[in-house]
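Pasted the sequence and its predicted model underneath.
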Amino acid sequence: MRIGIISDAESFMPLAGALVSQKIQVLLFYSPNADIYINQKVDAFAKQFRLPVTTESNKDTDIYNWLWQNKLEVCLIIGYNRLLILDKLNGLSTKLFNIHFGSLPYFKGPSPVFWQLKKGGDQLGLCIHRLNDKFDSGAIYWMKEIPNLPHYNFKFVSYIFSQLCVEGAFFILQCLFNNIPLVEIKREGQMSAYQKRPTLADVSIDWNQMTASEICHLIKACNPWNKGAITFWKKQEIKLMNAKVIGSGDEQPGTIISTDDKLQIVSADKKILEVSMLFYMDSYWSAYQLKELGFSSGDAFESHLSFI
């Protein structure tokens, strides 16, 4: 059995390792990540598991050439953000599936973990669907949901999903190779939406509009890839890396009411947020250090739209 994996991130590693452990031959098509460290991890992983790797250089042709040359039984796509043109694969027998780290059909698009966390639903989902000619729109054959717990952030949820998708991939493969029909999971009545890649506004705190819960959700969604949710203090960018609600306050939204041990800030719905870690001037700071940096009670954080 020869299985292909297409990826541009490290999220494929648990799946590839599980397949190799079952004596399944895995071929990897890898599109280099912007993060050099991730590329180094992928290279080390491939050497450890002796994976044949084809590294993408021509984004227009390499992936199609690879698929035609290898004629795999099944290929699983995980973390590859370009849409394959299926007309270029007419006649190819390879069954193509996409592993999507979002609950479909509402969380289509390239950043489903971010949007699920930012919207703050009770459940976080991932799906495996058949590839078609539209983003994240093929028939769903496997899905899983987990509770959205308070300590979850972007990186941790991505890690959990990279582990959980192994279960789904093996389910798909067992059905295919035992001639068990795959049954489409219908999501009738579910709203369909394409969630774009996050912009500056999407990762920034609007103190005049956002509730304390919305700010907490945003911080989870931005940590650690963006080093937190963006705000400004004296026109300098600050990124809040964690927050929890501890009470209520009457001050104006964005007002700092304490810089002792923990940074305390008032939200638009008059709740007090307690922050213990932030990113400022290209460094990580614990809240107890902020007095030394000039933060004081009565100061106010600003939203980016206040002066940009």
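Yep, that arrived. Computed from a prediction, not measured in an experiment: that's the story for all the values here.

Which elements pack onto the helix or strand hosting Trp285?
Using DSSP states H and E, Trp285 maps to strand 283-286. Helices and strands touching strand 283-286, by 3 or more CB pairs under 8 Å, 6 or more residues apart in numbering; DSSP states H and E, are strand 277-280. (C-beta placed from N, C-alpha, C; glycine too.)

Run through the residues that contact Glu237.
With contacts defined as CB atoms under 8 Å, 6 or more residues apart in numbering, Glu237 is in contact with Ile230, Thr231, Tyr280.

give me the number of residues near Ile238?
For Ile238, the neighbour count with other CB atoms under 10 Å is 23.

Oh, that last question was meant for Arg187, not what I typed.
Arg187 sits with 15 neighbouring residues when counted by other CB under 10 Å.

where does it land in three-state SS?
The three-state label given to Arg187 by DSSP: H, G, I helix; E, B strand; the rest coil is coil.

What are the boundaries of the helices in the stretch 151-300 of the chain?
154-177, 212-222 (DSSP state H, counting those that start in this stretch).

Quickly compare these and say which is most buried.
helix 212-222 (a mean of 23; mean count of other CB atoms under 10 Å).

Measure how that one sits relative to helix 154-177, angle-wise.
Interaxial angle, helix 212-222 versus helix 154-177 (axes from the mean of the first three to the mean of the last three CA atoms, to 10 degrees): 70 degrees.

Map the structural domains onto the sequence of this protein.
Domain assignment of the chain by automatic domain parsing yields the ranges 2-177, 201-306.

so what's the residue nearest to the spatial centre of the chain up against?
By CA atoms, centre = their mean, the chain has its centre lying nearest to Val113, at 3.6 Å. Shown in contact with Val113 (CB under 8 Å, 6+ apart): Phe101, Gly102, Leu124, Phe154, Val157, Ser158, Phe161, Ala221.

Of the contacts of Glu237, which is the nearest to Ile140?
Ile230 (34.3 Å; CB to CB).

neighbours of the residue nearest to the closest one when sequence neighbours are not counted, just the number please.
Ranked by CB to CB, 6 or more residues apart in numbering and with sequence neighbours excluded, the top spatial neighbour of Ile230 is Ser204, at 4.3 Å. Using other CB under 10 Å, Ser204 has 23 neighbouring residues.
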